[in-house]
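> Fold the following, please.
(one chain, ligands or ions: 2)
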Amino acid sequence: MIPYRPPQAVRELPVIDVGCLAGGSGRACREAAAAVRRACLDTGFFYVANHGIEAEVIAAQFAASRRFFALPQADKLALDQARSPYKRGYEPPGRQVLDDGSPADLKESFRFGPTPTAGHPYAQRRLPTYGPSQWPDALPGMRDVMERYLAEMTRLGDGVLSLVARSLELEPAFFAGFYRHPMATVRLLRYPPQPAGQHGNLLGAGAHTDWGGITILAQDEVGGLEVCNVAGEWVSARPIPGTFVVNLGEMLGRWTNERYRSNLHRVRNARPDVDRYSAAFFYDPEYDARIECLPSCLAPGETPRHPACTSGEHIAAMHRRTTGTAKAAA
Ligand SMILES: O=C(O)CCC(=O)C(=O)O
Ligand SMILES: [Fe+2]
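Ligands and ions are numbered 1, 2, ... in the order given. Okay, here's the model as predicted:
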């Protein structure tokens, strides 16, 4: 049984050493899992250090991302995500409203993911994420760099999920059954500086929670990611060299009956002079995975706060809601 413990109003997000994922002792893994558990109960956000991903792989990703966003707008729009049934490609600034009722976000983004093999059970159904990415002709090396980054993120994602499972007193491989054919997306992001003057709630990315399983974020040195603690204060997730920021999506909230938090966060690039670049890896259960409250997260007499949902339907609904296509699709 995972007892309910009220979240603490932390002002700093913890840095967790995940070196045990490379074959550390049982004790090191237990300590990491205990730290993951505290972080998930408090904010659902933590940094991972000692993750084993080479700095050069991360630097190459950022360099290629900068080259991509520097392409002429017409080249980027030639890869418009709106034309991809798989949600792969470019999304221009002003297309997504993450915080309902606020102005559209300032960010622009580019989504890509793994290429399904022929005969892949989900690809045959043409479901979102289970299809080819779109790559710019003008940057022939980009695909290789990004696929290497994606492979590293996937490996780290499996490791982080094993720690989350341990933190819930489950077998380390517990989540693997929901990730046989995961929905995996890297979203490259560019945030321009906040415009000067008062612009209401205009932000790089409006306050939102992530929709899926876990998110692993690489950010450059500019900063601007903020996380809402339980007291309603915005806590800075400042860049810490050599780390990634991990946060839980809504499905972990559903699995744990909201013991583990899928927390509000937002991005404000407060630097007047430079763009901010980040890369979010969304690692979500496979499309048909049924997400419902884990029995170990339900105390006697407690009822699930959410009905069961499938991973794919939930994420598709959130895409529609935040890009204004909900009515058109309904
Ligand atoms: O760029 C960031 O720091 C956060 C991005 C984010 O929250 C998202 O894409 O869901
Ligand atoms: Fe997010």
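> Flag every residue of the protein that's near ligand 1.
Within reach of ligand 1 by Cβ under 6 Å from any ligand atom, the chain has these residues: 187, 189, 205, 210, 217, 219, 225, 265, 267, 278, 280. Bear in mind the C-beta positions are built from the backbone N, C-alpha and C, glycine included.
> Buried among those? Need that as a selection in ChimeraX.
The following ChimeraX command selects only the buried members of the residues of the chain next to ligand 1, with burial defined by 16 or more other Cβ atoms under 10 Å:
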select :187,189,205,210,217,219,225,265,267,278,280
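> Secondary structure for the residues of the chain next to ligand 1 - can I get that in CSV?
Formatted as CSV, the residues of the chain next to ligand 1 follow (DSSP: H, G, I helix; E, B strand; the rest coil):
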residue, secondary structure
Arg187, strand
Leu189, strand
Ala205, strand
Asp210, coil
Leu217, strand
Gln219, strand
Leu225, strand
His265, strand
Val267, strand
Ser278, strand
Ala280, strand
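> Could you dump the residues of the chain next to ligand 1 into TSV with distance to Gly324 and pLDDT added?
Written out in TSV, the entries for these read as follows (distance: Cβ to Cβ, whole Å; pLDDT from 0 to 100):
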residue	distance to Gly324	pLDDT
Arg187	18	98
Leu189	19	98
Ala205	16	93
Asp210	19	96
Leu217	25	98
Gln219	27	98
Leu225	24	97
His265	21	96
Val267	20	96
Ser278	24	98
Ala280	21	98
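> ok, the closest residue to Arg126 other than its chain neighbours - how many residues close by?
With Cβ to Cβ, 6 or more residues apart in numbering as the measure, Pro85 is the residue that lies nearest to Arg126, at 5.4 Å, once sequence neighbours are left out. Counted by other Cβ atoms under 10 Å, the residues lying close to Pro85 total 11.
> can you give me the helices in the chain?
Remark: helices assigned in the chain by DSSP state H are 26-42, 55-69, 73-77, 142-167, 250-255, 311-322, 326-329.
> Which secondary structure elements does the second one sit against?
Put plainly, it is helix 55-69. Packing contacts for helix 55-69, counted by 3 or more Cβ pairs under 8 Å, 6 or more residues apart in numbering; DSSP states H and E, involve strand 108-112, helix 142-167, strand 183-191, strand 214-219, strand 276-284.
> cool, the first one as well?
With contacts defined as 3+ Cβ pairs under 8 Å, 6+ apart, helix 26-42 has these neighbours: strand 15-17, strand 45-49, helix 142-167.
> and the second one, which strands flank it?
Looking at strand 45-49 with DSSP bridges, its paired strands and their directions are strand 15-17 (parallel), strand 244-248 (antiparallel).
> could I get those strands as a markdown table with distance to Arg143, mean neighbour count and mean pLDDT?
Conversion of these to a markdown table gives the following (distance: least, Cβ to Cβ, whole Å; neighbours: other Cβ atoms under 10 Å; pLDDT from 0 to 100):
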| stretch | distance to Arg143 | mean neighbour count | mean pLDDT |
| --- | --- | --- | --- |
| strand 15-17 | 32 | 18 | 98 |
| strand 244-248 | 22 | 26 | 98 |
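> Reformat those as CSV; add distance to Pro128.
Written out in CSV, the entries for those read as follows (distance: least, Cβ to Cβ, whole Å):
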stretch, distance to Pro128
strand 15-17, 31
strand 244-248, 21
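> Out of those, flag the one nearest Glu54.
Proximity to Glu54 (Cβ to Cβ) singles out strand 244-248 among the strands paired with strand 45-49, at 13.1 Å.
> Give me the distance from the closest one to the chain's centre.
How far strand 244-248 lies from its chain's middle: 7 Å, per Cα atoms, centre = their mean, to the nearest Å.
> Give me the residues contacting that strand.
Here strand 244-248 makes contact (Cβ atoms under 8 Å, 6 or more residues apart in numbering) with 13, 40, 44-48, 51, 156, 160, 164, 210, 213-219, 225, 227, 237, 260-263, 265.
> before we move on, back to that, need the least confident one among the helices of the chain, by mean pLDDT.
Taking the mean pLDDT of each of those, the lowest value is held by helix 326-329, a mean of 42.
> so what's the closest residue to ligand 1 within the stretch 51-200 of the chain bridging to?
Using Cβ to the nearest ligand atom, Leu189 is the residue of the stretch 51-200 of the chain that sits closest to ligand 1, at 4.8 Å. Leu189 has the following beta-bridge partners by DSSP bridges: Ser109, Ser278.
> I'd assumed Phe282 was in contact with it.
No: contact between Leu189 and Phe282 fails when scored by Cβ atoms under 8 Å: they sit 11.8 Å apart.
> Now for these two: what residues contact both?
With Cβ under 8 Å, 6+ apart applied, the contact sets of Leu189 and Phe282 do not overlap.
> With Pro128 as the reference, measure out to the residue nearest to Arg126.
7 Å (Cβ to Cβ, to the nearest Å).
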